[in-house]
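Chemist: sequence isn't available, so here's the structure alone:
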Ligand SMILES: [Zn+2]
């Protein structure tokens, strides 16, 4: 084994050898070249460039500078502004290689490794699939384990390293979290949604089935950008999606909702104040994608997904300016699903990108994305940019109506209940006077069971979850509240 000193000696000897044999220009030529950054092109020199420091003739200066003038290498471009670093012939040669590589590999599916020895049965690890899992809040460890189940011979660590590397190369942070509309769900975000919904900590906790202490924690000022664990995030995201979609329904399909009460565009604006920015981002990426599919007429959705990952990777590596694709990537799975949905709708082949290719109006497509996500129409989305936010108090009333719950007492329950009974006959026992035998109703049975569990020392939420069965959690909450109201009135 060579020691460090021996290695250094060998390096110095090599360097001296190289220096002794390097072809150099004469001192006069070097003097002239030092004055004139365009010296080579002026004299028709195509096969080498002149090092302005020592006069060496090199095909490219990059390695020469590092090897022989390590202290001056960094300053070289500023000391000799405009002096070429690569000779035209070498530049042409390398660019031809790169172009050829791009032509053959860009927009193509990754090579199939399953028949390669050392990778038995292994399908290529697509960056895209890693993106999809990260966005859904999977940890790198979990993804690696999933992968290991598919290919049992291989060690989890190997996948883990690969996945961590990919995540970093695509600009994801190591922290595990769920993304919503391309943004990580943070405490600040949830606090904002809660404010927009006008719900108290307890109501918000009831609706989303998260403990209310935790909900209270979200709105505390410290650690605003902390990401919320995926389990809770998922509950919040699902609830929010459900509420918004119900609020977006047409009056005739949503029983008990009166749309004269609120503007549907305003609902979107209230929950997503930065909808305009999101729209801009989507529009720019869609137009970039359209360029891509025009260049690659044979590309399908998989090639597009790989291309998006490629672009993001190049941005992180510094090969591409800006952060457009790294910003977009966490959102891309949603958009990709949307394109698949459009294919089905327009009876295109699955995996086709014709939606992008033939669409002349990308802004319409971007609007259509939001519209289909929230089950609504494009005009409503379009008006959301300028819409005014709904007052938190009014939003609260609407949300309670959506959940068909009685609003909390401080909201003047008499008025709201009266309004409601005009709309449609409610099934609540109060409206019909005392129920002759409430014990037969399902809400009574479930409510009773919950109360029994609570009496045994279960917490409210645990008790509700235990009796849940085939019901939605919200339904259980409603039944429980009906039961309690029954106790109060009876
Ligand atoms: Zn030199």
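Modeler: Perfect, thanks for sending it. All values derive from a computational prediction rather than experimental measurement.
Chemist: low pLDDT regions in the stretch 301-450 of the chain?
Modeler: Applying pLDDT under 70 to the stretch 301-450 of the chain picks out residues 402-437.
Chemist: of all the residues in it, which one is nearest the ion?
Modeler: residue 318 (26.5 Å; Cβ to the ion). (Glycine included, C-beta is placed from N, CA and C.)
Chemist: neighbours of that residue, how many?
Modeler: If you count neighbours by other Cβ atoms under 10 Å, residue 318 ends up with 7.
Chemist: what about it, distance to residue 61?
Modeler: 20 Å (Cβ to Cβ, to the nearest Å).
Chemist: kindly provide the distance from residue 475 to residue 202.
Modeler: 18 Å.
Chemist: quick one: which of these two has more around it?
Modeler: residue 475 (16 against 13).
Chemist: test for you: state the pLDDT assigned to the more buried one.
Modeler: Looking at residue 475, its pLDDT reads 80.
Chemist: quick one: list the elements packing against the helix or strand hosting it.
Modeler: Using DSSP states H and E, residue 475 falls within helix 473-489. Using 3 or more Cβ pairs under 8 Å, 6 or more residues apart in numbering; DSSP states H and E as the contact test, the elements touching helix 473-489 are helix 201-208, helix 442-455, helix 460-466.
Chemist: closest one to residue 375 among these?
Modeler: helix 201-208 (19.3 Å; Cβ to Cβ).
Chemist: just the helices and strands packed on helix 473-489: most buried one?
Modeler: helix 201-208 (a mean of 21; mean count of other Cβ atoms under 10 Å).
Chemist: what angle separates that one from helix 473-489?
Modeler: 130 degrees (axes from the mean of the first three to the mean of the last three Cα atoms, to 10 degrees).
Chemist: and the helix or strand following helix 201-208, how far from the chain's centre?
Modeler: Downstream of helix 201-208, the next assigned helix or strand under DSSP H and E is helix 212-218. Relative to its chain's centre, helix 212-218 lies at 25 Å (Cα atoms, centre = their mean, to the nearest Å).
Chemist: ok, now stretch 5-12?
Modeler: 50 Å.
Chemist: let me see the mean pLDDT of it.
Modeler: 87.
Chemist: can you name the element that comes right after the strand or helix carrying residue 311?
Modeler: Using DSSP H and E, residue 311 sits in helix 301-317. Counting by DSSP H and E, the next helix or strand C-terminal to helix 301-317 is helix 324-328.
Chemist: on contacts alone, who are the packing partners of that following helix?
Modeler: With 3+ Cβ pairs under 8 Å, 6+ apart as the test, helix 324-328 has helix 275-295, helix 301-317 packed against it.
Chemist: the helix holding residue 475 vs helix 442-455, what angle?
Modeler: Going by the same axes, to 10 degrees, helix 473-489 makes 90 degrees with helix 442-455.
Chemist: mind listing what's buried along helix 473-489?
Modeler: Within helix 473-489, the residues scored as buried using 16 or more other Cβ atoms under 10 Å are 473-483, 485-486.
Chemist: tell me the one of the residues you listed nearest the ion?
Modeler: Using Cβ to the ion, these come closest to the ion at residue 473, 72.9 Å.
Chemist: what's near enough to touch the residue nearest to that closest one when sequence neighbours are not counted?
Modeler: Nearest non-adjacent residue to residue 473, counting by Cβ to Cβ, 6 or more residues apart in numbering: residue 209, 4.7 Å away. Taking Cβ atoms under 8 Å, 6 or more residues apart in numbering, we find residue 209 in contact with 235, 461, 465, 473.
Chemist: for residue 209, give its distance to the ion.
Modeler: 69 Å (Cβ to the ion, to the nearest Å).
Chemist: residues from this protein in reach of the ion?
Modeler: 51, 53, 54, 56 (Cβ under 5 Å from the ion).
Chemist: quick one: the third one and residue 68 touch, right?
Modeler: Put plainly, it is residue 54. Yes: with contact defined as Cβ atoms under 8 Å, residue 54 reaches residue 68; the gap is 6.8 Å.
Chemist: counting neighbours, go ahead and name the busier of these two.
Modeler: residue 68 (19 against 15).
Chemist: now do the contacts for that one.
Modeler: 15, 18, 19, 51, 53, 54, 56.
Chemist: mind listing what the fourth one touches?
Modeler: Residues counted as contacts of residue 51 (Cβ under 8 Å, 6+ apart) are 57, 58, 61, 64, 65, 68, 69.
Chemist: by contact count, what packs against the helix holding residue 311?
Modeler: helix 127-135, helix 156-169, helix 275-295, helix 324-328, helix 332-345.
Chemist: compute the inter-axis angle for the third one and helix 301-317.
Modeler: If you take the same axes, to 10 degrees, helix 275-295 sits at 110 degrees to helix 301-317.
Chemist: pLDDT on helix 275-295, on average?
Modeler: 89.
Chemist: residues in contact with that helix?
Modeler: So helix 275-295 is in contact with 107, 181-182, 268-269, 272, 299, 304, 307-308, 311, 324-325, 327-328, 331, 335, 353, 356-357, 359, 362-363, 365-367, 369-370, 384-385, going by Cβ under 8 Å, 6+ apart.
Chemist: same check, this time on the fourth one
Modeler: Contacts of helix 324-328 from elsewhere in the structure, counted by Cβ under 8 Å, 6+ apart, are 170-171, 182, 281-282, 284-285, 288, 308, 311-312, 314-316.
Chemist: any of those residues buried? List them.
Modeler: For the contacts of helix 324-328, buried by 16+ other Cβ under 10 Å: 170, 171, 182, 281, 282, 284, 285, 308, 311, 312, 315, 316.
Chemist: reformat the residues you listed as JSON lines; add distance to residue 4.
Modeler: Formatted as JSON lines, the buried ones among the contacts of helix 324-328 follow (distance: Cβ to Cβ, whole Å):
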{"residue": "170", "distance to residue 4": "37"}
{"residue": "171", "distance to residue 4": "37"}
{"residue": "182", "distance to residue 4": "49"}
{"residue": "281", "distance to residue 4": "51"}
{"residue": "282", "distance to residue 4": "55"}
{"residue": "284", "distance to residue 4": "51"}
{"residue": "285", "distance to residue 4": "50"}
{"residue": "308", "distance to residue 4": "45"}
{"residue": "311", "distance to residue 4": "42"}
{"residue": "312", "distance to residue 4": "40"}
{"residue": "315", "distance to residue 4": "38"}
{"residue": "316", "distance to residue 4": "34"}
